[in-house]
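Q: test case, fold it:
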Amino acid sequence: MTHCIHPRSRRAWLLVGPVAALLAACGGGESDTDPQITRFDSSTTVAFVGESVQLRAEFTGGSGRIDPDIGAVTSGAPITTPPLDREREFQLRVERLGSPAASRTLRVGVRFRDRYQVGATPFAASQHAAVAAADGSVLLIGGSRGEFTISDAIERFDPATGQIRRIGTLPPGGRAMASATRLATGQILLAGGVSSSTDWRRADFVDERTGAVTPAGTLSVVRVEHAAVRLADGRVLVTGGHSAGEQARLGVSDSAEIWEPATGNFRRLPRPMTIARAGHSATLLPDGRVLIAGGYSTAAGYVFAEIFDPRDESFSALPDVQPLRALHAALPSDDGRVLLLGGETVVPGDEEPLPMSSVLRFDPATGRFTRLPALTMPRTMVRAALLPDGRALLFGGQHGLEGYAETAELYDPALGGRLMAALDGERALHTVTRLASGRVAVIGGERKDGGWAQNVLIYE
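A: You can find the predicted model right below:
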């Protein structure tokens, strides 16, 4: 018997296939059931830093989405996370209009393998600047190349390939020991330091995308071992250092200046710091103020730390009394507190500085420093990277008058330091940069005998 399909019925019948496909794409297909999640797990509960993880999500009755970093998903389809730089908590949420949503969370831990990969291209320099760029690469700017040679090279390290290539050239004379402050525009403000040229006060912009160099104004005085920090409003504060041209006692400056985007130049502040400082740190606090801590000073009364307030451009001393500490690492935590790790001090009657193993934490809520458990060993000129969980990785440095360190350690504010895999040799005056993948690049530096630590190491 032959059955005829009415045109209107045929149109409805032809729509069945597309509608079913759309429902399947949304993870549904059962319009009379509320959203339900039957499975949400991962290929591993703990991944190594920089690796991706496979997630599995099965659900019905609605559209699925996983946050953060992933977005809309289809039930049963393969899901790969981006490379994980820290522990992640993913949430699967299934929704349908008019029905209660279903959600489930999944935590994936991340840890280090505690080993190093060696980059494909060696890098023989020290006292250079290293700046993480928006594209995940690291710009390496200037530095000392030995034999009294100051480098004018601007190079890019690509973590994906391990290769370094030159992308630009600094003005004649090069630059070493400069501060390199990344602006929101992707420009890097290079200021202070030493050069083979006659004018050390010149500042330059380096474009992180192209390596192009343009003038960025002139400092009021020469500054070496100064500190620079980008303020919340985009200006850059530059403080202290060994200076020339202002008759500072023994050449240690108490002056400060601000680079202003509106003028493209530096403006010297009318009020100085509370004491002269060189080899100190300057760290931006969550409320926009700046913690200035430590450093060598020629002042009669040593003030360990002070606060710069950008609202009235004033400096005010903090009451805590601490021994001199210079050339330390200063790391701001996500909670607003600041770690000061290692560095060096001086002992009355001793001409040589003494490396320190002590650690302080500054709390802006109280304006006080707290002493924390110590590092595994004294370290000055140490280079460090802060992890998202508040711990820190420290590499190399100088641990004695004649000793450069080849050790590295993981520092936990609650427990103190713990040795991890050692470097491939002693290393100081290097740089440490946390990469977008969560791995850490250890680049350049010198050995005690004056040779170069040429291998680029990626700690993972």
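Q: right, and the helix or strand after the longest strand anywhere in the chain?
A: Longest strand of the chain, by residue count under DSSP state E: strand 102-111. Per DSSP states H and E, strand 102-111 leads on to strand 116-118 as the next helix or strand towards the C-terminus.
Q: any idea how many residues pack against the closest residue to A72 other than its chain neighbours?
A: For A72, ignoring the flanking residues on the chain, the nearest one in space by CB to CB, 6 or more residues apart in numbering is R65 at 5.2 Å. Where you see a C-beta, it was placed from the backbone N, CA and C, and this is true even at glycine. R65 sits with 17 neighbouring residues when counted by other CB atoms under 10 Å.
Q: check the one 5 residues further on too.
A: Close neighbours of I70, defined as other CB under 10 Å, add up to 17.
Q: residue contacts, it?
A: Applying CB atoms under 8 Å, 6 or more residues apart in numbering to I70 gives the contacts 55, 79, 81, 90.
Q: roughly how far apart are it and L92?
A: Counting by CB to CB, to the nearest Å, the gap from I70 to L92 is 9 Å.
Q: ok, now A176?
A: 51 Å.
Q: before we move on, what about S437?
A: 24 Å.
Q: looking at those two, which one has more neighbours?
A: L92 (23 against 18).
Q: tell me the bridge partners for that one.
A: Per DSSP bridges, residues listed as beta-bridge partners of L92: I66, R104.
Q: what's the closest of the contacts of I70 to G136?
A: Comparing the contacts of I70 against G136 with CB to CB picks out T81 as the nearest, at 16.7 Å.
Q: could you report the neighbour count for that closest one?
A: Applying other CB under 10 Å, I find that T81 has 20 neighbouring residues.
Q: give the contact list for it.
A: Per CB under 8 Å, 6+ apart, neighbours of T81: 52-55, 69-70, 88, 90, 108.
Q: rewinding a little: and the longest strand of the chain, what other elements does it pack with?
A: Packing partners of strand 102-111 (3 or more CB pairs under 8 Å, 6 or more residues apart in numbering; DSSP states H and E): strand 36-42, strand 46-48, strand 88-95.
Q: and of the ones you listed, who's closest to N455?
A: Nearest of those (CB to CB): strand 46-48, 21.2 Å.
Q: the helix or strand following that closest one pairs with which strands, parallel or anti?
A: Where DSSP H and E defines the elements, the next helix or strand beyond strand 46-48 is strand 54-60. Here strand 54-60 has these sheet partners by DSSP bridges: strand 36-42 (antiparallel), strand 79-80 (antiparallel).
Q: with mean neighbour count and distance to H242 added, can I get those strands in JSON lines?
A: JSON lines is the format used below for those (neighbours: other CB atoms under 10 Å; distance: least, CB to CB, whole Å):
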{"stretch": "strand 36-42", "mean neighbour count": "16", "distance to H242": "53"}
{"stretch": "strand 79-80", "mean neighbour count": "15", "distance to H242": "51"}
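Q: looking at those strands, which is nearest to L219?
A: strand 79-80 (48.6 Å).
Q: hmm, who's touching the closest one?
A: Outside strand 79-80, the residues touching it (CB under 8 Å, 6+ apart) are 52-57, 66, 70, 73.
Q: quick one: buried ones out of those?
A: 53, 55, 57, 66, 70, 73 (16 or more other CB atoms under 10 Å).
Q: any weak-confidence spans in the stretch 351-460 of the chain?
A: By pLDDT under 70, the stretch 351-460 of the chain has no low-scoring segment.
Q: surely the residue nearest to A72 meets A102?
A: No. With contacts counted by CB atoms under 8 Å, R65 stays clear of A102, the gap being 11.5 Å.
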